[in-house]
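>>> Below is the structure, and that's it, no one-letter string:
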């Protein structure tokens, strides 16, 4: 499987410059909507399971869906919205039993497994059947040269900073190096009470904290966890990143409960003023503003190793979309996918989501959105998108194996060297 991240960067930059630069048991439906009379050419109901609606301003996604229905009166889209963690758990279960909803929101880390299970369909074939021109897509996620996911909106994960807590701690500028970050985290933690400098979600059930909150330190300094597509976890850059996380833990600046914390818990702590800094998705800007309108925060580039002067990798994730292989309505489902990726709709969705469009010809309105969106885009332009887990087989399992060893390091059960050596061996059995 391959994601053309470099190509995505080039195309996304060109598009932006042109601009001025609950999930419920219904997930078991699969092709059940055939009862709506579609077999006889009647109306069709598509179930769309995703976490996007939960992260957008209230009512905005419903408007986009309503516009599609108005243009396609014979197709009804039923949204199944839930937080990311819940969506992921439900879809993993449904994929294994071949009972996915008609259309599904996808994380790139799930695609390889879902495709090999036969749970999601080959979009390359549907694009050909619909005479759809894939050259307009900024990127595609493929397995064995077949597209199974199309990123609809792409998000970077910058550093979020509570400006009031920094000021209260006597930190006059946002940290740009690891040393500055550690110093700021110590000063914020010294405020006392339940305030800490940083949050690190390491729940093993949803182990994306390894990707977003740990490996991000590596990528921010131009490092890689792979060499020629193979694990390279014993390298000096990886060791340095893990040692830095251990130093933060040893300094007592990480919010308590890390070993069972999920991403949504991290966001809640930051929103409630219990954490001064976190690495997080731009998609959560709307959620933070909704839950704490007066929170004084900004986004910034991830701190790099002291002395590093090269381009900084910035973690990214996508609101990807796929179609169930068991749905009876693949053509209608792909028509909906085309709608979301249409130039105007994709630009609108990207703007309200504070993300970058999946259609390379779409131009997000950098002036209409939150100003932090523009700041993040400037950061993005100065670096490069980095997520080495997208494209790996069993990527979530790889994260989980790394997570298990990292937890041993943080609890004193293993040295950094031993943990990385164990993980290297474990990953090599999966990747080769």
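Arrived safely. Everything numeric here is computed off the predicted structure, so don't read it as measured data.
>>> so the residue most central in space within the chain, which of the three states?
When Cα atoms, centre = their mean is applied to the chain, the residue found nearest the centroid is residue 317 (3.0 Å). When classified by DSSP: H, G, I helix; E, B strand; the rest coil, residue 317 comes out as strand.
>>> The one 5 residues further on now?
Under the three-state scheme (three-state DSSP), the conformation of residue 322 reads as strand.
>>> Surely it and residue 120 touch.
Yes. In this structure, residue 322 is within contact of residue 120 by Cβ atoms under 8 Å, at 4.3 Å. Heads up, the C-betas are built off the backbone N, CA and C, glycines and all.
>>> hang on, the earlier thing: just list the residues touching the residue nearest to the centre of the chain, thanks.
By Cβ atoms under 8 Å, 6 or more residues apart in numbering, the contact list for residue 317 reads 107-108, 154-155, 157, 212, 281, 387.
>>> if you set the cut-off to 7 Å instead, what comes out?
Taking Cβ atoms under 7 Å, 6 or more residues apart in numbering, we find residue 317 in contact with 107, 155, 281, 387.
>>> Which helix or strand contains the closest residue to residue 141 other than its chain neighbours?
Nearest residue to residue 141 in three dimensions, chain neighbours excluded: residue 149, at 3.9 Å (Cβ to Cβ, 6 or more residues apart in numbering). Per DSSP states H and E: residue 149 is located in strand 146-156.
>>> Please work out the average pLDDT along stretch 223-233.
When pLDDT is averaged along stretch 223-233, the result is 95.
>>> one step back: next up, the contacts around the residue nearest to residue 141.
Counting by Cβ under 7 Å, 6+ apart, residue 149 touches 106, 108, 111, 141, 320-322.
>>> Just list whatever residues bridge to the residue nearest to the centre of the chain.
Beta-bridge pairing for residue 317 (DSSP bridges): residue 155.
>>> And the helices in the stretch 51-200 of the chain, which stretches?
52-55, 60-71, 84-96, 108-116, 123-129, 163-168, 178-189 (DSSP state H, counting those that start in this stretch).
>>> Can you show me the strands along this structure?
Along the chain, the segments classed as strands by DSSP state E run 44-50, 75-81, 103-106, 141-143, 146-156, 159-162, 196-198, 226-227, 230-231, 275-279, 297-300, 313-323, 356-357, 384-386.
>>> any idea of the mean pLDDT for the third one?
When pLDDT is averaged along strand 103-106, the result is 98.
>>> In terms of secondary structure, what does it contact?
Strand 103-106 is packed against strand 44-50, strand 313-323, with contacts defined by 3 or more Cβ pairs under 7 Å, 6 or more residues apart in numbering; DSSP states H and E.
>>> Now do it: everything it contacts.
46, 48-52, 87, 91, 149, 319-324, 333, 336.
>>> Provide a list of residues in contact with the nearest residue to residue 203 once chain neighbours are set aside.
The shortest distance from residue 203 to any residue other than its chain neighbours is 4.7 Å, reached at residue 262 (Cβ to Cβ, 6+ apart). Contacts for residue 262 (Cβ under 7 Å, 6+ apart) come out as 85, 201, 203, 206.
>>> One more: residue 199?
By Cβ under 7 Å, 6+ apart, the contact list for residue 199 reads 254-255, 261, 266, 269-270, 275, 278.
>>> between those, which has the most around it?
Highest neighbour count within the contacts of residue 199: residue 275, with 28 neighbours (other Cβ atoms under 10 Å).
>>> Kindly provide the distance from residue 264 to residue 172.
Residue 264 is 31 Å from residue 172, where distance means Cβ to Cβ, to the nearest Å.
>>> So for those two, which sits in the more crowded spot?
Neighbour tally, residue 264 and residue 172, criterion other Cβ under 10 Å: the higher count belongs to residue 264, 18 against 8.
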